[in-house]
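Engineer: this one's sequence-less:
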């Protein structure tokens, strides 16, 4: 590891140890290396190709978007540290063992990077909000969208969802949430009562790219 990545790993390990997300372990039969996701500055456990896969499906993005269009008000909610809100059974924690220059550790909560993390998380969210899905909200991983055809109805639906979060100890990232708005970004698209539109910020990124000047640049464009 280069010094920058090593520092990221050290800080992450120190933080996770302090809050009880990981703990030192010495008797695990299987150990995985860590991998750092540069853009997120976070550490993840590499997937084990021999793990049994969980095929619980994620929602189709187009189906989610179609359900959201044409509403008057929305609330966009986001889970806090998504996967890590899922506790791992004590007898299974050793399966998450990873090694790094600072020791060997195992997780008490589900980390990013496990092969079945996405399916497990989606299953949990579907179970929590099962009676509200496609009635007043849509869930895609840790993105929760509450909607209604009027302000008062949306406020009532929001109350139902927040009550469910309280009852199940599901923590939201308040800084990322938007309440009682008429439009917003969902899965890279702008949804409103007018329909689905392209996220303007994505267009701006493309238009700001310089024109390719070689065959190689054309291929990578």
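Structural biologist: Everything's here; your move. In this text the structure is predicted, and so the values were computed from the model without any measurement.

Engineer: what is residue 186 paired to in the beta sheet?
Structural biologist: Beta-bridge pairing for residue 186 (DSSP bridges): residue 189.

Engineer: wait, it sits on residue 145?
Structural biologist: Yes: using Cβ atoms under 8 Å, residue 186 is in contact with residue 145, at 5.6 Å. All C-beta spots, glycine's among them, are computed from the backbone N, C-alpha and C.

Engineer: what residues do those two have in common as contacts?
Structural biologist: 64, 68, 76, 138 (Cβ atoms under 8 Å, 6 or more residues apart in numbering).

Engineer: can you give me the strands for the chain?
Structural biologist: Here the chain has its strands, by DSSP state E, at 22-24, 32-37, 42-45, 73-78, 98-100, 103-107, 137-140, 143-148, 178-181, 183-186, 189-192, 195-198.

Engineer: between the shared contacts of residue 186 and residue 145, which sits nearest residue 17?
Structural biologist: residue 76 (32.9 Å; Cβ to Cβ).

Engineer: I'd say that closest one and residue 145 touch.
Structural biologist: Yes: assessed by Cβ under 8 Å, residue 76 is found in contact with residue 145 at 5.8 Å.

Engineer: the more surrounded of those two?
Structural biologist: residue 145 (24 against 19; other Cβ atoms under 10 Å).

Engineer: please name the residues that touch the more buried one.
Structural biologist: Contacts of residue 145 (Cβ under 8 Å, 6+ apart): 64, 68, 74-77, 137-139, 184, 186, 191.

Engineer: just the buried ones from those, in ChimeraX syntax?
Structural biologist: A single ChimeraX command selects the buried members of the contacts of residue 145 (16 or more other Cβ atoms under 10 Å):
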select :64,68,74,75,76,77,137,138,139,186,191
